[in-house]
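Trainee: predicted model and sequence below, questions to follow.
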Amino acid sequence: MDSSYITPFIKSVQNVFETMLQLKVDIGEPALKRSGDPSYDVSGIIGMSGDLEGSIVLSFPIATAERVVSLFVGTDMAHSHADFPDAVGELVNMVSGGAKAQFAGKHVSITCPSVVIGNDHAIHGAKDVICIHLPCTSDCGQFAVEVSIKQSCLKPAAPGSAAVGAKNA
Amino acid sequence: MKILLVDDSKTMRNIQKGILGQLGYSDVQEACDGLDAMSKVGAFQPDLLLVDWNMPNMDGLTFVKQFRAKGFKSPIIMVTTEAEKARVVEAIKAGVNNYVVKPFTPDGLSERIKETLARAAA
């Protein structure tokens, strides 16, 4: 994967968390993630299509997700709350949208977010796209951004064509 | 002052409603997408609308075009993650009066709201 595809997500996750949550995020060493390797317990997923296609995942351990969402909504919110997935979805939406805006000269669309909650669930993206795991550290705990995108071989790609599969293990 | 919030995220609508409350605006209705908003504008007659772009069923840009085509003149602030210059221009051409990129600070959104209402009153 082109490393220029990763930097926008680093900048965006730091900007979203700093602006909306006043939470500083440090990014660790990016690593390759194998398809099917477990993510954390709560994952927000967005599909990307157009000149770039694939998926973006924002994944948290339960306790971290609850702290982050509580900061975001301004009140304590457990993962069992009906509005919890909506808040996680909006966070991944802002991270993906902020990164998308940095892909100068590329026409990219993002889907509405999906959220998976469950211990050690695995997210299976497109088989021909490698996944880069960006470890993130904050005062709310560790979490990760997982970026699986590639240059589209179809021009122009149909909006919403990104394939994202998720399952509870 | 009647304000309509159009966003598929309840979290985002709640955040915006809180900011509007701090500015003294409490007559606020919510819509979860463009279709829902179209069904509410006739009866509610909002004086200001805050509209997201990416939503299911009917996106914000389509809503703005239909809203303007029906002759509504109320100012619209697009509040969205769509930050590319071409998208902003597209929104303005469709009839959007002001533009806020997510993520935003409460102060940033407040300033845009005040600015938009001041321009509309001028």
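Mentor: Cool, the structure landed.

Trainee: what sits against residue 17?
Mentor: Since no chain was named, I'll use chain A. The contact partners of A:Phe17, taken as Cβ atoms under 8 Å, 6 or more residues apart in numbering or on different chains, are A:Leu23, A:Lys24, A:Val25, A:Val68, A:Ser138. Any C-beta I mention is one placed from the backbone N, CA and C, and that applies to glycine too.

Trainee: chain B was what I was after
Mentor: Taking Cβ under 8 Å, 6+ apart, we find B:Lys17 in contact with B:Leu5, B:Val28, B:Glu30.

Trainee: do that again at 6 Å, thanks
Mentor: The contact partners of B:Lys17, by Cβ atoms under 6 Å, 6 or more residues apart in numbering or on different chains, come to B:Val28.

Trainee: tell me the phi and psi of it?
Mentor: Listed backbone geometry of B:Lys17 is phi -60, psi -40, with angles given as degrees, to the nearest 10.

Trainee: related to what we said a few turns ago, just checking, which of the contacts of A:Phe17 belong to strands?
Mentor: Residues from the contacts of A:Phe17 lying in strands, with DSSP state E as the criterion: A:Ser138.

Trainee: residues in contact with the residue nearest to the spatial centre of chain B?
Mentor: Most central residue of chain B, judged by C-alpha distance to the mean C-alpha position with Cα atoms, centre = their mean, is B:Leu50 at 1.5 Å. When contacts are counted by Cβ under 6 Å, 6+ apart, B:Leu50 is found next to B:Leu5, B:Gln16, B:Ile77, B:Val79.

Trainee: mind giving me the packing neighbours of the helix ranked longest in chain A?
Mentor: As assigned by DSSP state H, the longest helix anywhere in chain A is helix A:84-100. When contacts are defined as 3 or more Cβ pairs under 6 Å, 6 or more residues apart in numbering or on different chains; DSSP states H and E, helix A:84-100 packs onto helix A:7-21, strand A:42-50, strand A:52-60, helix A:62-73, strand A:108-110, strand A:114-117, helix B:10-22.
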